[in-house]
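1. Return atomic coordinates for the entry below.
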Amino acid sequence: MAQVNSIVSGKFSGQLGKEIVFRDWAGKTVVAKSPKSRKGAPSAEQAEIQERFLYASKFAKAVVNNDDKGMAEAYTAVLRPRQNVYARAVQDFMSSPVVSKVDVRNYTGAIGNTLKVRAIDDFRVVSVRVEIYAAAGTLIEAGNSTLDSNGIDWIYTATKVNSQLPDSRIVAIATDVPGNEGAMEVSI
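-> Just a heads-up that it's a prediction; the model follows:
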């Protein structure tokens with residue numbers, strides 16, 4: 001993109017013919033090639049992405065227009081250069097949290113044993129749910145974890161005895177502010 005800073009171009013914005021577009025970007029006038037319209041219907045994957053982006057846009061508008069400015073202020077605190085609250089909220093909606101580690105070293109199947117889950121997000125993880133399944137696939141217990149003092153890990157304390165520890169499965173599901181989920185499953 002070319003930058004134009006002259007008396008002639010001033011504060012242009014909009015399309016000139018069907019060839020170039022003038023935009024204001026961080027106080028500077030930028031010249032870019034005009035976007036071309038697409039021909040034909042979108043593919044199934046493109047339609048899915050367009051629908052997800054529509055939901056992301058609605059979420060971002062709700063954050064910006066909400067009378068309670070708490071979320072807008074929280075997003076403001078983590079803005080990247082040339083980014084506004086709307087764009088940051090869309091970005092958060094479009095990315096899911098990631099569960100990168102489930103530590104089972106302190107879990108022997110007894111009540112009070114702990115599982116440590118590491119979950120990250122581009123903005124904030126709001127909850128981590130842990131589900132413990134027996135080898136046969138039956139749910140032994142499930143519940144929410146608490147955030148560790150390090151701000152990254154989540155601790156789940158077992159409330160039921162797991163007498164079928166070999167081949168048990170642990171599923172950790174992290175949820176972020178827009179409600180996206182990311183999960184990891186480990187076997188013992």
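2. What's the first helix or strand after the helix or strand where Lys58 lies?
-> The secondary structure element spanning Lys58 is helix 44-65 (assigned by DSSP states H and E). Per DSSP H and E, helix 44-65 leads on to helix 70-76 as the next helix or strand towards the C-terminus.
3. Can you name the residues in contact with that next one?
-> 63-64, 66, 85, 88-89, 92, 123-124, 177 (CB atoms under 8 Å, 6 or more residues apart in numbering). (C-beta placed from N, C-alpha, C; glycine too.)
4. so which strand or helix has Tyr107?
-> Counting by DSSP H and E, there is no helix or strand that carries Tyr107.
5. Quick check, pLDDT for it.
-> Looking at Tyr107, its pLDDT stands at 95.
6. The closest residue to it other than its chain neighbours: how many residues sit nearby?
-> Nearest in space to Tyr107, with sequence neighbours left out and distances taken as CB to CB, 6 or more residues apart in numbering, is Asn113 at 4.5 Å. A count of neighbours around Asn113, defined by other CB atoms under 10 Å, yields 17.
7. Let me know the distance separating Val64 from Glu73.
-> In this structure, Val64 and Glu73 are 11 Å apart, going by CB to CB, to the nearest Å.
8. Kindly export the helix or strand in which Asp24 is found (C-alpha atoms) in PDB.
-> Assigned by DSSP H and E, Asp24 belongs to strand 20-25. Taking C-alpha atoms only, strand 20-25 is exported to PDB below (Å, rounded to 0.1, in the frame of the first residue of the first chain):
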ATOM      1  CA  ILE A  20      -7.900   2.400  -6.200                       C
ATOM      2  CA  VAL A  21      -9.200   3.000  -2.700                       C
ATOM      3  CA  PHE A  22      -8.100   5.800  -0.200                       C
ATOM      4  CA  ARG A  23      -8.200   4.900   3.500                       C
ATOM      5  CA  ASP A  24      -7.300   6.700   6.700                       C
ATOM      6  CA  TRP A  25      -4.900   4.500   8.700                       C
END
